[in-house]
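Asks: with the sequence up front, the predicted model follows.
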Amino acid sequence: MQTAPFFVIAIMDKPFIELKNITKHFGDTVANDSVSLDIYRGEILSVLGENGSGKTTLMNMLAGIYYQTSGGFSFDGSPVEIRSPKDAIDLGVGMVHQHFKLVEVFTALENIILGLPGDKKPAQAQEELRVLCEKYGFHLDPNKKVYNMSVSEKQTVEILKILYRGAEVLILDEPTAVLTPQETDALFAVLRNMKADGRAVVIITHKLHEVMAVSDRVAIMRRGRLINTVPTRETSPDELTEMMVGRRVSLELERPPVENRQLRLAVKNLSVSGIDGPNALKNLSFEAFSGEILGVAGISGSGQKELCEAIAGLCAAKDGSIVFYPQSGGETELTGLSPKEIRRLGVSSAFVPEDRLGVGLAPGMDIVDNVTLKRHRQGRGMLLNRTSPRALAEKIVEELQVVTPGLTTPVRLLSGGNLQKVLVGREISENPELLVTAYPVRGLDINSSYQIYDLLNAQKKRGAAVIFIGEDLDVLLELADRIMVLSGGELAGILDAKGATKNEVGLLMTAGGHREASV
Amino acid sequence: MTREPLVRIAKRADAAPTAAWAIRIAAIVAALLFGGLIILLLGHNPFAVYPVMFAGALGNSPAFRETVKISIPLLGAAVAIAPAFKMRFWNIGAEGQIMAGAIAASYFALYWYDKVPQPVLWLIMFLAGALAGGLWGLIPAFFRAKWGTNETLFTLMLNYVALQFELYMQNGPWKDPRGTGFPKIPMFNDAARLPKLLGVHIGWIIVLVFVAVMFIYLRYTKDGYEIAVVGESERTAQYAGISVTQVTLKSMAISGAVSGAVGFLVVSGANYTLSDQSAGGVGFTAIAVAWLSKLNPIAMVAIAFFLAILSKGSNTIQTAFEIPKSAAEVLTGIILFFMLACEFFVEYKLIFRKKSGGAAI
Ligand SMILES: Nc1ncnc2c1ncn2[C@@H]1O[C@H](COP(=O)(O)OP(=O)(O)OP(=O)(O)O)[C@@H](O)[C@H]1O
Ligand SMILES: [Mg+2]
C-alpha cells in the first residue's frame, strides 16, 4: 500500500485550486450544497461518495461543463470564472469523463491534436507525444485508429489529449470502472508520475481499495455536501464507508449455502461471432443451476458480452445450443430465438445488460415508462397499462432507495447507481428463474453495490439461477458458488469458488488455452 | 496560440421552462421587429401593414374561414408526420403521400360518382386515399427495414415520383376533354365534394379527430409506447422484445395513411379537383409544424393555425399594399425562421469572448 511521500506534504502549504461555497441546483435538486474544497499541486485527491452525492456535478463545474448556482473558484489565490470547457482548459483543468469523446475514425495522434492550431507538423506533434508518453509511462501507438482500441487505450488517449494541452490538474471520473486490474495498476503508475511532476490529480472512484492505494487525501461527499477531507494514511475503508453512508456498513459478503440445486440452463458447444471477429465465443459449454450464483470472470472482451446476448436472444449463435429447463419441467431450446419469441414462450429469464442506457433502458423516458418496458404488451386491449408499472416503480424507488427528483424524471438524468437500481429492480421484479447480470455494480457506490449483492443473494435463495459476470475478483470469490473463467472466448476453467484463490483465477484469465478444472 | 473565437456555442445544462418561454416570446418580438424593418425598406409603414395582415387572416368571418381552410391540410400532415418522427424515422415524404392519396381519391371522384350513394362514395374516397398514402409510406419503410436504405432520401424521391405520376394523369388519361388545350383534370361532380359545416368543409372535423386519435395513440397505447422506445434506442427495443421492423412498417403505414387521407380532404373538400398543386408544399411546411410542436398533436393545432394566419395574411397584404408576392413570402419566412431558431436557443446558449484580463460575469 502506497503512502504519501514526505515532500508532498511540503508542497501542500498553499492550495492550487480553491472551491468556495460551490452550490449547484438542477431545478429542485440540490446537487452540490456549499462545497468548499482545496486542491493542491503534487497530490492525488480522491473524491468519494454515494451515487448521486454530487461528485460528477462538482467536477463538471471545475471543468466548465456546468456553471455553479453560487460560489466561486480561485486559482493560486486569485478568483477566476469558469464558464466553458475552454475556460477550464486555459486554466489548466482537464477532465476525463466516463463516456469518452473521441473521433472513432481518427488515430490517437489525430485525436490528440484535434482542435489545436494547425501550425504544428504531425512529425513534431508525434515527437512531443512520444516525450510525454515516456515521461509519464504511457504505452500508446500514436497511429492506431480509435475504433481499433480497447477501452483502456481510449482512456490513455483521453488523458494524453489533456496533458498535451498542458493541464495542471487532471480530473478522472471513475476511470477504473472499465479497466482490468492490470490496466488499473498501469494507470495508477502514470498518476503517481504526474503527482511527482507537481501536477494535481483528482480521481472519483467507488473502489475503496483504490482510494487507499493511490490517493493522498480523500474528500467524502454525502447528499451534495462535503462531509470531510481526510489524509488517506489516517483512515480505513470502514471509516470511509461510515462517513460516506452516514452509518456503519458491514463490508462482509455473505454466501448462503446452495439449496435445491436443479439444472436451469445448459449451454453446449456455443460459438458466437462478435464485432471484433468471427470467434468471440468458441465452443463454450457449461451449466447453470437453480439456487446458485455462477460467477463469470475474464479480461474484458473475452466473450462475456456475446455470452449474455446469446442467452438473451440479442445475438445469434453460430453453432451450438442453449437450452433452458423451466422449474415446471420440460425444456425449451433458446438457440436462434429473438427476445420477443423467448418472452412469448414464457421463459422466465431476466437480463441486466452491461450497456444500461443503450440496451437496458430508454434514456429519455421516465422511471415508470422504463419499468413498463418488457411488460408493456401485458393486459388486453390497445391501451398501455401504466398503473401497475407505476406501483412497481414506486416500490423499486422505495425499496432500493433510488435517489430521484421524481418518477417522471427521464432516467438519463439519474446518477449511474440509481440508473442501475431501476434496471435491476425491473429485471428481478418478475422473479425470474434465470437471471443474467453483466457487471451489475459497475459505477455503483459501496452501499449500492452491497445492496445489489444482497439482491442477487436473495434471488439465489429464492431459487433463481444467477449468472454474474463480474470484474472484481475479490467479490466473485466471496459471492459466487462457482466461477467460470473465460479467456479469449474460450472456457479456461470452472472452479469451486470456496477453495479458489485470486491467483488461480488470474492465471486462468490469461491462460488462453483450454484447461480442465474441478467443479 | 489562436485567439478564442468571439462567440462559442454551449448546451444549456438546465433550461428552466420559464426561461424557454421567455426565449420564445423574445423570438416572436424579434421576428416582428425584423419583419417591420423589411416592411420599412419596402416603403411601407409596419404599423399599417401588420394590423392589415392579421385582420386579413382573422378580421372577418370569410377571412377566418379561409385561414381555417389553409390550416386543415397543414395540421393533418403534421399529425401524419408525428409517429414517424417519434421513432426517428425521418419521413419527409408527406408531400408525396398526400399526392398519392389525392390521386387515388380522385379516381373514384371522377369515375364512381354516379355508381354509389354519396356517403359510400366519400367513404370509398377516404379509404382509397388512406390506402394509397399508406402504401406510399410503406415502401421506404420496407426498404429501410430490409436493406437499411436511407429513409430521408427515399421519401424525398418518392415525392417526385408521385408528382410526376399526377402530371402524367393530368396530361394524359384524366385530361379534361373540354379543357381548351390547357391540361387540367375536370372538376369533381357535386357528389364527390365534401359538405361544409360552419362555412368550412368538414375536413376540419376529420383533422381534429386525427389530432385527438393521434394524441391518444402516441401517448396511451401499447403501439405508441413501442414507437417511442424504438425512437429512444433500437437496441433497447430489441432487448425488450419489440420488433423494430414491425414497428417501423406499422408506423409508416399509419403516417402515410393519414397523409393520404389529407390528400382526399384537399381534392374533395378544398379544390374539387386534382392538380399538380394539390399537395402544394404542405408536406414540407408540416415538418416545421411538427417540429415546433415537439410532436405533440395538440400543440400542432395552434402552430398550424398560426402558420395559416401568416400565409393568409401575406396574401392580404399583397393586394392591400401591392407588396410583391415574393416580399410577402420573405416576411413569413423570416417569422418562421425566428421561431425555428429560437428552439435552438432554448437548448443552446452563446458565450461571448471576454475582454482580456477582466473577470467577466
Ligand atoms: N443535468 C442534470 N439535470 C438534473 N439533475 C441532475 C443533472 N445532473 C445531475 N443531476 C442530479 O444531481 C445529483 C448529483 O448527481 P451527480 O451525477 O453529480 O452524482 P455522482 O456523485 O457523480 O453520482 P455517481 O456516483 O452515481 O456518478 C443527482 O441527484 C442527479 O440526479
Ligand atoms: Mg458521477
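Replies: Perfect, thanks for sending it. A quick note: this is a predicted structure, and the numbers were derived from the prediction, not measured. Ligands and ions are numbered 1, 2, ... in the order given.

Asks: can you list the domains in chain A?
Replies: Following automatic domain parsing, one gets these domains for chain A: A:17-245, A:263-346+A:431-516, A:360-429.

Asks: average pLDDT for the longest one?
Replies: Model confidence over domain A:17-245 averages 90 on the pLDDT scale.

Asks: do the last one as well
Replies: When pLDDT is averaged over domain A:360-429, the result is 91.

Asks: now do the same end-to-end measure for that domain.
Replies: One end of domain A:360-429 to the other measures 15 Å (CA to CA, to the nearest Å).

Asks: next one: stretch B:104-119
Replies: Using CA to CA, the end-to-end distance of stretch B:104-119 comes out at 17 Å.

Asks: which one in chain A is furthest away from the centre?
Replies: residue A:381 (40.1 Å; CA atoms, centre = their mean).

Asks: for my notes, confirm it occurs in a helix.
Replies: No - with DSSP: H, G, I helix; E, B strand; the rest coil as the criterion, residue A:381 is located in coil rather than a helix.

Asks: residues of chain A that sit close to ligand 1?
Replies: With CB under 6 Å from any ligand atom as the criterion, chain A meets ligand 1 at residues A:26, A:29, A:31, A:49, A:51-57, A:403, A:413-417, A:445. Yep, even glycine has a C-beta here, placed from its N, CA and C like the rest.

Asks: in strands, which of those residues fall?
Replies: Among those, the ones falling in strands (DSSP state E) are A:26, A:29, A:31, A:49.

Asks: what subset of the residues you listed is buried?
Replies: Neighbour-count burial within those applies to A:26, A:29, A:31, A:49; the criterion is 16 or more other CB atoms under 10 Å in any protein chain shown.

Asks: from these, which is closest to residue B:123?
Replies: For residue B:123, the nearest member of these is residue A:26. The distance, counting by CB to CB, is 53.0 Å.

Asks: who's that closest one bridged to?
Replies: Legend: beta-bridge partners of residue A:26 under DSSP bridges are residue A:29.

Asks: contacting residues for residue A:141?
Replies: Contacts here follow CB atoms under 8 Å, 6 or more residues apart in numbering or on different chains; on that basis residue A:141 touches residue A:108.

Asks: would it count as being in a helix?
Replies: No - using three-state DSSP, the secondary structure at residue A:141 is coil, not a helix.

Asks: can you show me the helices along chain B?
Replies: Under the criterion DSSP state H, helices of chain B are mapped to B:17-41, B:46-58, B:61-86, B:94-111, B:118-147, B:151-171, B:203-220, B:222-232, B:234-239, B:244-265, B:282-292, B:297-321, B:325-347.

Asks: I'd like those helices as JSON lines, with distance to ligand 1, mean pLDDT and mean neighbour count appended.
Replies: Written out in JSON lines, the entries for the helices of chain B read as follows (distance: least, CB to the nearest ligand atom, whole Å; pLDDT from 0 to 100; neighbours: other CB atoms under 10 Å in any protein chain shown):
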{"stretch": "helix B:17-41", "distance to ligand 1": "13", "mean pLDDT": "85", "mean neighbour count": "14"}
{"stretch": "helix B:46-58", "distance to ligand 1": "40", "mean pLDDT": "90", "mean neighbour count": "17"}
{"stretch": "helix B:61-86", "distance to ligand 1": "23", "mean pLDDT": "96", "mean neighbour count": "24"}
{"stretch": "helix B:94-111", "distance to ligand 1": "35", "mean pLDDT": "97", "mean neighbour count": "29"}
{"stretch": "helix B:118-147", "distance to ligand 1": "33", "mean pLDDT": "96", "mean neighbour count": "21"}
{"stretch": "helix B:151-171", "distance to ligand 1": "30", "mean pLDDT": "96", "mean neighbour count": "18"}
{"stretch": "helix B:203-220", "distance to ligand 1": "23", "mean pLDDT": "97", "mean neighbour count": "18"}
{"stretch": "helix B:222-232", "distance to ligand 1": "18", "mean pLDDT": "96", "mean neighbour count": "23"}
{"stretch": "helix B:234-239", "distance to ligand 1": "20", "mean pLDDT": "94", "mean neighbour count": "21"}
{"stretch": "helix B:244-265", "distance to ligand 1": "29", "mean pLDDT": "97", "mean neighbour count": "26"}
{"stretch": "helix B:282-292", "distance to ligand 1": "24", "mean pLDDT": "93", "mean neighbour count": "23"}
{"stretch": "helix B:297-321", "distance to ligand 1": "24", "mean pLDDT": "92", "mean neighbour count": "20"}
{"stretch": "helix B:325-347", "distance to ligand 1": "13", "mean pLDDT": "83", "mean neighbour count": "16"}
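
Asks: for chain A, find the nearest of those helices.
Replies: The minimum distance between chain A and the helices of chain B falls on helix B:222-232, with 3.8 Å, by CB to the nearest CB.

Asks: excluding chain neighbours, what is closest to residue A:372?
Replies: residue A:389 (4.2 Å; CB to CB, 6 or more residues apart in numbering or on different chains).

Asks: check which helix or strand the one you found maps to.
Replies: helix A:387-399 (DSSP states H and E).

Asks: which residues does residue A:80 contact?
Replies: When contacts are counted by CB under 8 Å, 6+ apart, residue A:80 touches A:72-74, A:87, A:91, B:359.

Asks: of all these, which two lie farthest apart?
Replies: The farthest-apart pair in the contacts of residue A:80, when distances are taken by CB to CB, is A:74 and A:87, at 14.1 Å.

Asks: higher neighbour count, those two?
Replies: residue A:87 (18 against 15; other CB atoms under 10 Å in any protein chain shown).

Asks: how about residue A:205, what does it touch?
Replies: Taking CB under 8 Å, 6+ apart as the test, what residue A:205 contacts is A:46, A:48, A:174-177, A:211.

Asks: please redo it, this time with the cut-off set to 6 Å
Replies: By CB atoms under 6 Å, 6 or more residues apart in numbering or on different chains, the contact list for residue A:205 reads residue A:174.

Asks: now do it against residue A:238, distance only.
Replies: 17 Å (CB to CB, to the nearest Å).

Asks: and for residue B:202?
Replies: To residue A:238, residue B:202 is 76 Å away according to CB to CB.

Asks: so which of those two has more stuff around it?
Replies: A count of neighbours by other CB under 10 Å puts residue B:202 above the other of residue B:202 and residue A:238, at 17 against 13.

Asks: show the pLDDT at that one.
Replies: 94.

Asks: same check, this time on residue B:352
Replies: According to the prediction, residue B:352 has pLDDT 69.

Asks: just want the most central residue of the chain.
Replies: Picking chain A for this. Relative to the mean C-alpha position of chain A, the nearest C-alpha, by CA atoms, centre = their mean, is the one of residue A:442, at 3.0 Å.

Asks: wait, chain B was what I had in mind.
Replies: Ranked by distance to the mean C-alpha position of chain B (CA atoms, centre = their mean), the top residue is residue B:286 at 1.4 Å.

Asks: would you map the helices across the stretch 401-519 of chain A?
Replies: For the stretch 401-519 of chain A, the helices defined by DSSP state H, counting those that start in this stretch occupy A:416-428, A:446-462, A:473-479, A:502-509.

Asks: want to throw those helices into TSV with mean neighbour count?
Replies: Compiled in TSV, the helices of the stretch 401-519 of chain A are given as follows (neighbours: other CB atoms under 10 Å in any protein chain shown):
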stretch	mean neighbour count
helix A:416-428	24
helix A:446-462	19
helix A:473-479	19
helix A:502-509	17
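
Asks: could you tell me the least trusted of those helices?
Replies: The stretch with the lowest mean pLDDT among these is helix A:502-509, at a mean of 86.

Asks: against chain B, how distant is residue A:139?
Replies: Taken as CB to the nearest CB, to the nearest Å, the spacing of residue A:139 relative to chain B amounts to 30 Å.

Asks: what about that residue, how many neighbours?
Replies: A count of nearby residues for residue A:139, using other CB under 10 Å, gives 10.
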